[in-house]
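Quick one: sequence plus predicted model below, questions after.
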Amino acid sequence: MNDTSRTYDVVVIGAGPVGENVADRTRAAGLSTVIVEKELLGGECSFWACEPSKALLRPVLARADARRVPGLKNAVGGPLDVPAVFAHRDDMVNHWHDEDQVEWLNSVSVDLVRGHGRLDGPRQVVVTTPEGGTVRLDARHAVAVCTGTRTALPDLPHLDDIRHWTNREATGADAVPRRLAVVGGGVVAVEMATAWRALGSEVTMLVRGDCLLTRMEPFAGEMVAETLREDGVDLRFGVSVTSVAREEGPDGAVRIGLSDGGQLDVDEILFATGRTPQTDDIGLETVGLTPGGWLSVDDTFRVTALEDGWLYAVGDVNHRALMTHQGKYQARIAGPVIGARAHGEPVDTQRWGPHIATADSAAVPQVVFTDPEVASVGLTAREAENAGTRVKVVDHDFRGVAGAHQYAEGYRGKARMVIDLDRGTVVGVTFVGPGIAELLYSATVVVAGEVPVERLWHAVPAFPTISEVWLRLLEAHRG
């Protein structure tokens with residue numbers, strides 16, 4: 001695009017999965033749409049997070065499963081083929097090229113401007129191109145901010161001097177560090193500790209709190225911690241990083257000072273310490289908003305701080321549910337909403353309606369690709385109780401499920417179902433165990449569909465599959 005000024009119905013800032021889906025849906029609604037991206041189309045998920053991390057983890061988890069199957073365990077006793085794992089990862093991210101994403105944008109007739117997009121007043125976006133040029137984009141109806149997040153780093157002296165890892169370096173590295181420190185106890189921390197320990201690193205996890213995966217049911221973090229320790233990860237709870245320094249030279253070690261007075265020397269340090277919104281340099285100040293903060297939105301993704309409703313924030317940047325699939329769900333809501341308003345059509349904001357993101361609060365699914373896997377949807381027991389719901393918690397050990405015995409010798413896992421007693425529906429489900437990720441969609445349908453518990457009695461699981469855990473949970477509920 002060579003024009004210095006263009007007008008569209010919709011301007012989307014950020015071409016990750018969320019921005020791409022917003023653009024696709026507004027285009028499908030008949031609105032001319034342009035998308036702005038300063039890095040690779042496909043964004044963080046495609047190139048530095050979801051896709052490469054799962055490519056690293058897939059052989060790790062497949063080997064762990066195989067080692068629990070009689071007749072296979074001796075065949076997979078050796079180390080992973082690290083170069084092959086890295087090559088698979090590189091293939092999954094298309095070697096960090098985005099030509100296929102450009103082809104897709106062309107196929108849905110969405111224009112692209114490469115460069116750094118910033119708001120420049122209401123409905124105005126100015127893009128600084130890689131060549132140093134400027135393109136001004138005017139939006140007739142809406143601007144959608146889909147810029148996502150980056151790693152939230154601690155305030156430590158000299159942090160910028162030590163060549164620390166974030167999720168980008170952790171998923172893109174092409175050599176295995178002998179010693180790796182992982183700072184944090186959330187999803188990125190446990191997944192990367194799992195991957196790099198299996199690839200050959202001596203991994204130490206430094207966790208400020210007293211458990212892992214604090215936003216999930218407590219048993220999930222406990223079971224993941226148990227396996228990490230069995231695999232040789234040094235798990236340290238109640239400890240924070242107070243200082244960091246790297247020795248001189250390309251192979252210099254990192255010396256870490258700890259809050260308990262100790263120190264730790266490693267070859268690389270990964271900070272998996274949460275996320276912060278990428279809103280510090282997108283021109284929010286030109287429309288009266290504060291740069292660097294989360295963008296609060298209503299359930300149709302309009303930014304609530306602006307009265308005239310032209311600015312939308314979709315995906316991680318609104319801080320509702322920081323997961324790619326949930327951001328894409330939001331985009332599938334926001335795009336039609338923008339289209340309806342542009343055409344003067346009514347917007348249906350009833351619960352579970354087509355123009356409202358009810359799942360963001362009621363049915364968010366998540367999988368943690370560790371050994372064991374963790375999958376959850378909806379509310380934890382504590383969240384439901386804190387919301388004032390009268391709940392019944394039903395637990396079941398997977399050792400009582402025939403399909404689990406078929407899946408792995410010595411299978412260890414647990415399932416929990418949280419029931420709203422007043423409504424007779426399931427409001428939360430958590431599974432922990434090998435191979436349970438694919439069970440999650442059934443649980444999501446149950447929670448999002450608000451299926452009566454008594455009707456679930458007639459949903460018959462096939463024998464012998466792991467999904468028979470549903471029957472065992474219902475039997476435990478019935479007594």
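Right, received. Where do you want to start?

Domains in this structure, by residue range?
Residue ranges for the domains of the chain, per automatic domain parsing: 5-42+98-150+277-359, 159-274, 372-478.

Using CSV, lay out these together with mean pLDDT.
Listed next are those as CSV, based on pLDDT from 0 to 100:
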stretch, mean pLDDT
domain 5-42+98-150+277-359, 97
domain 159-274, 97
domain 372-478, 97
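
between the ones you listed, which gets nearest to Ala75?
Using Cβ to Cβ as the measure, domain 372-478 is the one of the domains of the chain that comes nearest Ala75, at 14.4 Å. Any C-beta I mention is one placed from the backbone N, CA and C, and that applies to glycine too.

ok, back up a step: any chance of JSON lines for the domains of the chain, columns distance to Lys73 and mean neighbour count?
Putting these into JSON lines (distance: least, Cβ to Cβ, whole Å; neighbours: other Cβ atoms under 10 Å) gives the following:
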{"stretch": "domain 5-42+98-150+277-359", "distance to Lys73": "34", "mean neighbour count": "20"}
{"stretch": "domain 159-274", "distance to Lys73": "15", "mean neighbour count": "18"}
{"stretch": "domain 372-478", "distance to Lys73": "8", "mean neighbour count": "18"}
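
Going along the chain from the top strand by length along the chain, find the next helix or strand for me.
Looking across the chain with DSSP state E, the single longest strand is strand 134-145. Downstream of strand 134-145, the next assigned helix or strand under DSSP states H and E is strand 149-151.

That following strand pairs with which strands?
Take DSSP bridges as the rule and strand 149-151 pairs in its sheet with strand 275-277 (antiparallel).

For the most centrally placed residue in the chain, give me its contacts.
The centroid of the chain falls nearest to Met323 when counting by Cα atoms, centre = their mean (3.3 Å). Taking Cβ atoms under 8 Å, 6 or more residues apart in numbering as the criterion, Met323 is in contact with Val364, Gln366.

measure it to Val377 for me?
11 Å (Cβ to Cβ, to the nearest Å).

Quick check: closest non-adjacent residue to Gly184.
Using Cβ to Cβ, 6 or more residues apart in numbering and skipping residues adjacent in sequence, the residue nearest Gly184 is Ala272, 3.6 Å away.

er, Thr300 actually
That would be Val337: by Cβ to Cβ, 6+ apart, it lies 4.7 Å from Thr300.

Please name the nearest non-neighbouring residue to Met223.
Once flanking residues are discounted, Met223 sits nearest to Val432: 5.1 Å by Cβ to Cβ, 6+ apart.

can you tell me the helix or strand for the one you found?
With secondary structure defined by DSSP H and E, Val432 is part of strand 425-433.

Glu454 too?
Glu454 belongs to helix 453-456, assigned by DSSP H and E.

any idea of the angle the next helix or strand after that helix forms with strand 425-433?
Of the helices and strands lying after helix 453-456 in sequence (DSSP H and E), the nearest is helix 469-478. Helix 469-478 runs at 130 degrees relative to strand 425-433, counting by axes from the mean of the first three to the mean of the last three Cα atoms, to 10 degrees.

helices and strands around helix 469-478, which ones?
Judged by 3 or more Cβ pairs under 8 Å, 6 or more residues apart in numbering; DSSP states H and E, the packing partners of helix 469-478 are strand 391-397, strand 414-420, helix 453-456.

May I have the first one as PDB, with CA atoms only?
Extracted C-alpha coordinates of strand 391-397, given in PDB (Å, rounded to 0.1, in the frame of the first residue of the first chain):
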ATOM      1  CA  VAL A 391     -22.400 -25.600  45.500                       C
ATOM      2  CA  LYS A 392     -21.800 -29.300  45.700                       C
ATOM      3  CA  VAL A 393     -18.200 -30.500  44.900                       C
ATOM      4  CA  VAL A 394     -17.900 -33.900  43.400                       C
ATOM      5  CA  ASP A 395     -14.500 -35.500  43.000                       C
ATOM      6  CA  HIS A 396     -13.300 -38.700  41.500                       C
ATOM      7  CA  ASP A 397     -10.000 -40.500  41.200                       C
END
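
Give me the contacts around whatever helix or strand comes next after it.
Next along the chain after strand 391-397, taking DSSP H and E as the criterion, comes helix 402-407. Contact partners of helix 402-407, identified using Cβ under 8 Å, 6+ apart, comprise 65, 68, 398-399, 411, 413, 433-435, 463-469.

6 Å instead, please
Helix 402-407 is touched from outside by Phe398, Tyr411, Gly435, Pro464, Thr465, Ile466, Glu468, with contacts defined as Cβ atoms under 6 Å, 6 or more residues apart in numbering.

Dump the domains of the chain to CSV, plus distance to Val82.
What follows is the domains of the chain, written out as CSV (distance: least, Cβ to Cβ, whole Å):
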stretch, distance to Val82
domain 5-42+98-150+277-359, 25
domain 159-274, 6
domain 372-478, 23
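
To Asn74, which of those domains lies closest?
domain 372-478 (12.8 Å).

Can you give me the first-to-last residue distance of that closest one?
28 Å (Cα to Cα, to the nearest Å).

cool, and stretch 31-48?
Start-to-end, stretch 31-48 (Cα to Cα) is 31 Å.

Is Gly293 in a helix, a strand, or coil?
Assigned with DSSP: H, G, I helix; E, B strand; the rest coil, Gly293 falls in the coil class.

Quickly note the distance from it to Leu284.
Distance from Gly293 to Leu284, by Cβ to Cβ: 8 Å.

Then Ala175?
Taking Cβ to Cβ, one finds Ala175 at 39 Å from Leu284.

And Glu230, by the same measure?
Plainly put, Glu230 is 47 Å away from Leu284 if you go by Cβ to Cβ.

Glu226 now?
Distance from Glu226 to Leu284, by Cβ to Cβ: 44 Å.

do the same with Arg114
Arg114 sits 22 Å away from Leu284, going by Cβ to Cβ.

ok, now Leu474?
Counting by Cβ to Cβ, the gap from Leu474 to Leu284 is 50 Å.

Then Leu206?
For Leu206, the distance to Leu284 equals 34 Å [Cβ to Cβ].

do the same with Glu131
Taking Cβ to Cβ, one finds Glu131 at 25 Å from Leu284.

Relative to the whole chain's centre, how far out is the top helix by length along the chain?
In the chain, taking DSSP state H as the definition, the longest helix is helix 324-342. Averaging C-alpha positions (Cα atoms, centre = their mean, to the nearest Å) puts helix 324-342 18 Å from its chain's average.

for the stretch 251-400 of the chain, what spans make up the helices?
Along the stretch 251-400 of the chain, the stretches classed as helices by DSSP state H, counting those that start in this stretch are 324-342, 359-362, 381-386.

Okay, buried residues for the second one please.
By neighbour count with 16 or more other Cβ atoms under 10 Å, helix 359-362 contains the buried residues Ala359, Asp360, Ala362.

Reformat those residues as JSON lines; add distance to Gly77.
Below are those laid out as JSON lines (distance: Cβ to Cβ, whole Å):
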{"residue": "Ala359", "distance to Gly77": "43"}
{"residue": "Asp360", "distance to Gly77": "45"}
{"residue": "Ala362", "distance to Gly77": "45"}
